[in-house]
Every structure is written in C-alpha cells, then in structure tokens.
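> Structure, please.
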Amino acid sequence: MPKQTPVYLSAPGLLCCAGDRRERFFDAAQRGDRSGIVPFSLPGAPQNSSGRRSFPAGRIPEEFFPPAGNAGIREGSRIFRIAGAALEQIRPEVEQAAAVYGPDRVGVCIGSCDNGSELSLEAHRAYFSTGCFPENYELRYQGAAYPAEYIARRFGLTGPVLTVSTACASGAGAVSQGAVLIRGGFCDAVIAGGVDIVSQTVLLGFDSLETVSDAPCNPFSKNRKGITLGEGAAFFVLSRESLGIPITLLGAGESADAFHITAPRPDGEGAIRAMKEALAAAGIGPRDVGYINLHGTGTPLNDAMEALAVAAVFPGAASPPVSSTKSITGHTLGAAGALELALCWLALSYAAETSAGDLLLPVHVWDGVYDDDLPRLRFAGRDTTLRGLRICMSNSFAFGGCNISLIIGRED
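The predicted structure is shown next:
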C-alpha cells in the first residue's frame, strides 16, 4: 500500500469527566486520576437483575459546560451543551479554515451513538402520558445525523456533512472519513470527532448485556468485570496545511470482521488487520510506534481479543508502552475514538516541548493482577516515561466487528 498523504490535525477541543480543557485532561491521564468516575443513579429506572439502580460512570460535572438557560429544546440539551463547550476550544481554527478555504470547502464528519435518546425519552414520556408529543419536538431530533448538522449550522459551514455511527468506533471512524474527504478533494478542511452522553437507554442497554461493572473498570486484569460508561466530546480541525503544531494523521486501518453483533472475534484477526493496514498506510513498521492507546474496555472478551492482537502485531522487542485510559474517562462510546486520539495528540505535543527530557505517559490504571491466559503487554505505570515520542497509535474495536486503528505523528 502506498504511503498516504498526511492530513494535519489541529489541537483538539475536548470535554470529559477527567477535564474540561486539554491541560487538565492530560494531567489526569498522567497521574491516573479517576476521580471523575462517580456513582450515577437513574431516578425512576427499573432495577436490573441484581436490584441495582446506580452504576459507576464518567459523568461530566455540570460546571464543565454551559447551563441550559433559555436555550431551546435542541441547544439546551445536554449532548449539545457538551459538544458546544468542546467546539468553542477550536473556534479559532475553524474560523481560520473557513477564511482560508471558504465555508463551502470545510466539511463536518462526526461520530455518535446516542441518536437523541436524551430528547426522545422525554418526548415519548409526554406522548404516553398525554397522547401528544411536545409542541416543539421533531422526530429528526433523534436522528444519528443531528449532531453533525448542528455543528455545521453553528459555524455556518456549507461543505459535506457526514455522520459515522459504528458503535464505539464512531469517533475514530469520523476522523478517518474526514481525512478521506480531504484526500479525495471534496474538502480542504473538516471538523472531525465524536460526542456522546451517558443516557438511561444506553446504560440500561449495556447492563442488560451484563457488561457493566459494579466498580470502576479494571482493563486487562484477571479480575475485570466489564465496562464503565462515560460521556464526552473531542473534535479536531483536519486540514491540508498545518494550523498549529505539525501533527499529522499518518495512517488509518479499518476492518469489519462481523463475527457477532456484540462479541469480538476471539482470535483478534479483524483487529490485527486494522493495525497492520494502519502501519502500511503510514509507511512504518511496528518498532516505529512509541505508544499505543488501547481500546481496553475492561470486558472479558474484548480485552482478551485486543491483547492477542497487539501481541501479534507488536511482538517482543517491537512492543511499545500501552495503556487503556477508559478507567479514567469511562467508555465514552461514540466519542471514545476521538477522545483517545486527542490524548495521543497531547502526548506528541508535550513530547515536542520536552524533547530534551522524558515524557510521563498516560497511566494504565488497574489492580495490577495479570490474566495468565493473555499475552503480557507493556502497560504504562505511574512512573513510565519515554524520550523522543514521535508516533502514536489509537485503537477502537467496536460492536459488530467494526475495527479501526489510527496512527498520528509529529513532524520535525
């Protein structure tokens, strides 16, 4: 595969339970601070089979984003207020891209899974109670495309507007597809990323699959019990030319093994193919990757598959330090791929600033109990440092066998 033309990524705009700005988020990741994982109760929700109505979750504090105030049903919704807070962090880059290329040459590509449950649940409760939907409610509010359309309207952009909804690979898929729009000549710049919230529907849905842990997630541990859900948003401005620190999307690899609607293929073949395609697209080998942000959900099946896949692609001396940061942010679903790529971007940015010193890597927070049935990976501890970090990989392996690996690197 020929090496792909690099696409530049701006500094990310982001928001999650671990931080309301880049510096705070990266500091939490370096310290392994999981204080953002808190009990989340669901008033009025039915008990699950074990009688629980409360779950640990990465719930964003209200002070991290603007209050609803007098905003309408759409702009006042939690998901758009979270997205808005993250988008304001990249407003200068969006406006610069629109001024340089024109609004019609700036696209939007957003990943999300929620599909408006926040609005649709309240609307349907009203319908079941009164026989009518609220006067200001429209069915399109629960469409998958609505967050992307909202962002295009917010900035007055008239380029292509796309939505990626491939479960928890959505945010990473949106970045990959944004790069396709630029390389294909359809756009000169693209707002790309993901946003999702912790909603009653999603949380109880995962709980019905018996995949939600009753304690903060413990990825790759022998004692892992399942996921901890989270919410967040992360967006980049992708462009043909650098809008700041020259960090580029070197390569993306995607596969769809379609083994099962929720369970991953046990041998990791789809994940292996995605990682190898990303390396080939970037024109590099396994030894060139300095750090991998793992998908690492904390579920028995997904962690086992990913450990096998990473060990196969990065054997022995080629194995770089790795960590799953979902124990810090929770699993942010459609935002996860973009949020974790943002963490890789920040690691490269900080590495550039500390090129003469060592960079403390994002911590893999777990109980330290290895699962002897899995190959051992080089998990980054609280004191794991690296000098001269130049290339990172971020993995997202979702329901339905939707696998994607992204590789980003910094130029000299």
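
> Number of residues surrounding the closest residue to Ile245 other than its chain neighbours?
Of all residues beyond its chain neighbours, the one nearest Ile245 is Ser349 (5.5 Å), with distances taken as CB to CB, 6 or more residues apart in numbering. The way it works is simple: take the backbone N, C-alpha and C, and place the C-beta from them, glycine included. For Ser349, the tally of surrounding residues (other CB atoms under 10 Å) stands at 19.

> Likewise for Arg387?
Arg387 has 12 nearby residues by other CB under 10 Å.

> Leu15: neighbouring residues, count only.
A total of 30 residues lie near Leu15 under the criterion other CB under 10 Å.

> State whether it is indeed within a strand.
Yes: using DSSP: H, G, I helix; E, B strand; the rest coil, the assignment for Leu15 is a strand.

> What separation do you get for it and Pro92?
According to CB to CB, to the nearest Å, Leu15 stands 17 Å off from Pro92.

> just Val202 next, same as before
33 Å.

> Compare these two (neighbour count), which wins?
Neighbour count, other CB under 10 Å: between Val202 and Pro92, Val202 has more, with 18 against 14.

> In this structure the more buried one contacts Ser112, no?
No: between Val202 and Ser112 there is no contact under CB atoms under 8 Å: 11.3 Å.

> Now list whatever residues contact both of these two.
Taking CB atoms under 8 Å, 6 or more residues apart in numbering as the contact rule, Val202 and Ser112 both touch Asp196.

> all helices in this protein, in order from the N-terminus.
Remark: helices assigned in the chain by DSSP state H are 22-31, 78-88, 91-101, 117-130, 146-155, 170-183, 200-208, 269-282, 300-313, 326-329, 336-353.

> what about the nearest residue to Thr384 once chain neighbours are set aside, neighbour count?
Excluding the flanking residues, the one nearest Thr384 by CB to CB, 6+ apart is Leu361, at 5.0 Å. By other CB under 10 Å, the residues close to Leu361 number 27.

> What pLDDT is listed against Leu361?
Looking at Leu361, its pLDDT stands at 96.

> Kindly report the same for Leu243.
For Leu243, pLDDT reads 85.

> pLDDT below threshold where in the protein?
Applying pLDDT under 70 to the chain flags the ranges 1-4, 42-53, 71-73, 115, 355-356, 412.

> check contacts around the residue nearest the centre of it.
With distances taken as CA atoms, centre = their mean, the residue of the chain nearest its centroid is Ala336 (1.8 Å). Contacts for Ala336 (CB under 8 Å, 6+ apart) come out as 168, 171-172, 194, 232, 295, 326, 396.
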